[in-house]
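Q: Below are the sequence and a predicted model; questions follow.
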Amino acid sequence: MFIKKDIDSKYKNILYISSKIIRRESFKKKLLAKSKNLNHSCDSCEYFGKIFKKGKTNTEIFYKKFNSNLKLKFRYNKNLKKINNKNACIRSYYLFFVNLNKNRNINFFQKLNTLLKLNDLILVQSYTKKKICFLKEISELFTIEKKMIKKFLND
C-alpha cells in the first residue's frame, strides 16, 4: 500500500500525482463500505477524552507529538511521556482532531496537513480489518478533509 510507504518516510520528498489521489479516494470508499462493529471501548479512548477536557495546552502538546512521530501512543504519564509502545485507537485520533480544530493557535494549513496525515493513518490501520469501529467519526473526518481542501483551493 503506497500510503504506508509515505507514512514510513514521514512524508519526506513525497509528490502526490493524480493516480495516487484516485487510489487514495478508492481506499476511502472501500473503508466506508465496510460493516460496522459497534462493540468498542478501550482505555485509549477514555484517556484521550479526559486529557482533552483539561484544556488547549494538551492539544498543542499532542499536536507536536503527532507531527514529529506521525502517531499517538495508547497512554501517557503525567509528564506526557509514553507509557508503552501500543498505538492509540482510531477514535483517539478523532478526539485529537476535534480538539485541534477548535484550537486558535494552530493555523488552517497546519490543521489541514495534520488531518491529511491522520486520514492516511486511519486508512492504513483500517485497510486489513473486516469490521470497523467508529465509521461515523471516520466519515466525518473525510468530510472535513474535503471541505478544507476545497477552501484551500478556492482561496
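A: That came through fine.
Q: Give me the phi and psi for Ser9.
A: With angles defined as degrees, to the nearest 10, Ser9 sits at phi -90, psi 0.
Q: and it, how many residues sit next to it?
A: With neighbours defined by other Cβ atoms under 10 Å, the count for Ser9 comes to 10. To be clear about C-beta, it is placed using only N, CA and C from the backbone, and glycine gets the same treatment.
Q: Check Gln110 too.
A: 14.
Q: next one: the one 5 residues further on
A: The burial count assigned to Leu115 is 19, neighbours taken as other Cβ under 10 Å.
Q: measure the closest residue to it other than its chain neighbours to Asn69 for me?
A: Once flanking residues are discounted, Leu115 sits nearest to Glu145: 5.4 Å by Cβ to Cβ, 6 or more residues apart in numbering. Separation of Glu145 from Asn69 (Cβ to Cβ, to the nearest Å) stands at 21 Å.
Q: ok, the two, which is more surrounded?
A: Glu145 (17 against 12).
Q: give me every residue that touches that one.
A: Residues near Glu145 by Cβ atoms under 8 Å, 6 or more residues apart in numbering: 112, 115-116, 119.
Q: which of those lies closest to Asp6?
A: Lowest distance from Asp6 to the contacts of Glu145 (Cβ to Cβ) belongs to Leu116, with 10.3 Å.
Q: which non-adjacent residue is nearest that closest one?
A: Spatial nearest neighbour of Leu116, chain neighbours left out: Glu145 (6.7 Å); criterion: Cβ to Cβ, 6+ apart.
Q: do you know how far that neighbour is from Asp155?
A: Taken as Cβ to Cβ, the span from Glu145 to Asp155 is 16 Å.
Q: Alright, calling it a day.
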